[in-house]
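**Student:** show me the folded form of this:
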Amino acid sequence: MGYVSAVPVPQPRAARASGTAAPSGGRRSLAAALLLGALGATVVLLSSGQIWAEGTASVGGGTVPVEADGGTVTGVPTALAVVGLAALVAVFAVRRTGRTLVSGLLALSGAGAALASVLGASDSAALDAEAARVTGASAATVSGLTHTAWPYVTAAGALLILLAGLLALRYGSGWPAMGGRYERQGGTRAARPAGATTRPGGGGPDRPEDLWKALDRGEDPTREG
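**Tutor:** You can find the predicted model right below:
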């Protein structure tokens with residue numbers, strides 16, 4: 001006569017894949033958005049300070065070189081990059097509808113900065129103004145006008161901001177909010193003595209080791225119990 005063991009058999013990690021896929025995907029999209037947004041804003045701010053256009057202006061029977069950087073051609077990319085950085089931080093300070101609106105602002109900042117950069121790549125007004133300032137003649141114009149690749153580098157950085165905004169629109173609803181866990185547990189945490197662990201059924205693990213154990217089980221430690 002055979003016996004059936006009542007000892008539960010531990011399930012392999014693969015069996016819990018459905019429970020961990022969403023948090024893992026959320027962490028990846030969150031990391032990607034942060035990286036793209038920060039990198040894109042950095043590229044825009046640095047590239048806007050480079051020379052976008054250059055040429056020569058006639059003065060006193062000779063010529064003088066003139067040049068204009070991105071900030072002189074158009075200040076829009078720089079301003080929108082700063083707005084994008086602020087929106088990237090604000091995404092984690094708001095929830096629900098507010099998060100959607102801020103994510104949209106982040107995407108629009110990138111799109112606007114990219115458009116302004118491309119339009120500025122063929123602009124000659126800023127260089128003409130610089131020629132007039134150098135020569136002292138308001139009617140001075142620039143000859144041998146050339147444009148560098150920096151406007152397009154700026155546009156590429158702006159597109160990274162746009163991608164960060166699109167990621168936030170698509171996956172932002174599943175990202176954690178800044179200080180959300182502490183707001184939920186603030187009252188009970190103050191009432192417990194230092195070093196005490198969470199009681200069964202409480203708001204979540206308090207100690208770092210409990211947090212990692214919860215993540216390893218595929219649980220979301222920021223959720224309310």
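**Student:** give the residue spans of the protein that score low on pLDDT.
**Tutor:** Applying pLDDT under 70 to the chain picks out residues 1-25, 60, 136-140, 178-209, 211-212, 215-216, 218-225.
**Student:** in it, which spans are strands?
**Tutor:** 51-59, 62-69, 142-147 (DSSP state E).
**Student:** mean neighbour count and distance to G84 added to the ones you listed, as TSV?
**Tutor:** Glycine gets a C-beta too; all of them are placed from N, C-alpha and C. TSV is the format used below for the strands of the chain (neighbours: other CB atoms under 10 Å; distance: least, CB to CB, whole Å):
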stretch	mean neighbour count	distance to G84
strand 51-59	20	20
strand 62-69	16	20
strand 142-147	15	25
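**Student:** quick one, which of these gets closest to T100.
**Tutor:** Nearest of the strands of the chain to T100, taken as CB to CB: strand 51-59 at 34.8 Å.
**Student:** contacting residues for L160?
**Tutor:** Residues near L160 by CB atoms under 8 Å, 6 or more residues apart in numbering: L36, G37, L39, G40, V43, G110.
**Student:** can you pull the contacts of the last one?
**Tutor:** Remark: with contacts taken as CB under 8 Å, 6+ apart, G110 is in contact with G40, L80, G84, A158, L159, L160, I161, L162, L163, A164, G165.
**Student:** which one is the third one nearest to, not counting chain neighbours?
**Tutor:** Just to be clear, that refers to G84. S109 (3.8 Å; CB to CB, 6 or more residues apart in numbering).
**Student:** same deal with A111?
**Tutor:** Here the residue nearest A111, using CB to CB, 6+ apart, is L162, at 5.2 Å.
**Student:** kindly reformat the strands of the chain as TSV containing distance to A131.
**Tutor:** Formatted as TSV, the strands of the chain follow (distance: least, CB to CB, whole Å):
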stretch	distance to A131
strand 51-59	4
strand 62-69	5
strand 142-147	5
